[in-house]
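> Output the structure for:
(one chain, ligands or ions: 1)
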Amino acid sequence: MKRIGVFGGSFNPVHLGHLLVAQAALEELQLDRVFFTPASESPFKPGITLAPAEQRLRLLRAALAGQPQFEIDAQELGRGGVSYSIETVRAYAGRHPAAKLFYLIGADHAQQLPAWRDAPNLAELTEFVVIPRPGQPLAPPPPPFQCRALQGFPLGLSASQIRDRIRNGQPIDWLVPPAVAELIRNNRLYL
Ligand code: ATP
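Residues are numbered from 1 along each chain as shown. This next block holds a predicted model:
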């Protein structure tokens with residue numbers, strides 16, 4: 001593999017916004033593979049308890065079934081604790097020393113990059129790819145980050161919105177893949 005996309009996030013639950021980010025990156029950057037790396041605990045959501053790892057993984061598996069260009073990497077779940085991207089990116093750099101790494105982020109995260117753990121090292125190991133998110137300015141992060149923006153398929157959708165809709169008894173069909181909607185319904189998740 002020569003060009004690898006790493007897509008970190010809570011995926012609580014995975015939704016069409018995430019899948020469109022991955023698809024846009026795959027096409028626009030001609031990636032060989034996009035790895036979805038669900039976080040154990042997000043450093044950006046302190047004190048917020050995510051749904052159990054196994055549940056988030058199950059929904060991700062359903063969303064990505066039959067899509068060999070998208071893979072799930074559970075390394076952050078395996079490490080446990082707060083998940084820092086630098087550790088994940090170091091692992092990819094070690095596993096694929098000849099590959100170019102692209103770390104995918106929504107536009108809401110770009111300005112916070114300098115505050116990420118070990119930012120200078122992170123900026124050396126990976127290029128960041130910012131995907132437009134409706135309502136978020138698409139400004140590049142400050143140096144030393146190498147960064148490019150994609151056209152993407154902007155979709156104003158978030159996992160919090162999906163969780164709110166489930167709690168309010170509103171449908172989530174068309175916002176998540178059908179297999180994910182079915183698993184959420186059948187297992188009464190996020191109620
Ligand atoms: P929550 O609403 O729970 O905060 P979220 O939908 O923002 O969650 P995360 O799983 O935390 O999703 O995000 C993973 C990554 O995907 C982040 O970089 C986030 O910016 C990006 N992302 C999520 N939804 C979209 C979207 N609709 N468009 C572009 N990027 C997105």
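
> do the lowest-mean-pLDDT helix or strand in the chain and the ligand meet at all?
Here the helix or strand of the chain ranked lowest by mean pLDDT, DSSP states H and E is strand 147-149, holding a mean of 90. No - judged by CB under 6 Å from any ligand atom, strand 147-149 and the ligand are separated, with a smallest distance of 11.4 Å. C-beta coordinates here come from the backbone N, C-alpha and C atoms, glycine included.

> Just after that strand, pick out the following helix or strand.
Later in the chain than strand 147-149, the nearest helix or strand by DSSP states H and E is helix 159-167.

> what's the spacing between the residue lying farthest from the centre of the chain and residue 116?
What lies farthest from the middle of the chain is residue 169; by CA atoms, centre = their mean that is 26.0 Å. As judged by CB to CB, to the nearest Å, residue 169 and residue 116 stand 37 Å apart.

> Would you agree residue 121 falls within a helix?
Yes - residue state for residue 121 (DSSP: H, G, I helix; E, B strand; the rest coil) corresponds to a helix.

> My guess is it contacts residue 87. True?
No - using CB atoms under 8 Å, residue 121 makes no contact with residue 87, being 10.7 Å away.

> can you list the residues of this protein near the ligand?
9-12, 17-18, 21, 105-106, 108-109, 131, 133, 155, 157-160.

> Determine the set of other helices and strands touching the least confident helix or strand of the chain.
Contact here means 3 or more CB pairs under 8 Å, 6 or more residues apart in numbering; DSSP states H and E; on that basis strand 147-149 packs against strand 127-131.

> Next, residue 15: phi, psi?
Main-chain torsions, residue 15, degrees, to the nearest 10: phi -140, psi 180.

> Please disregard the earlier target; I meant residue 106.
Residue 106 has phi and psi values of phi -70, psi 160 when expressed as degrees, to the nearest 10.

> which residue packs closest to it, ignoring adjacent ones?
residue 133 (4.6 Å; CB to CB, 6 or more residues apart in numbering).
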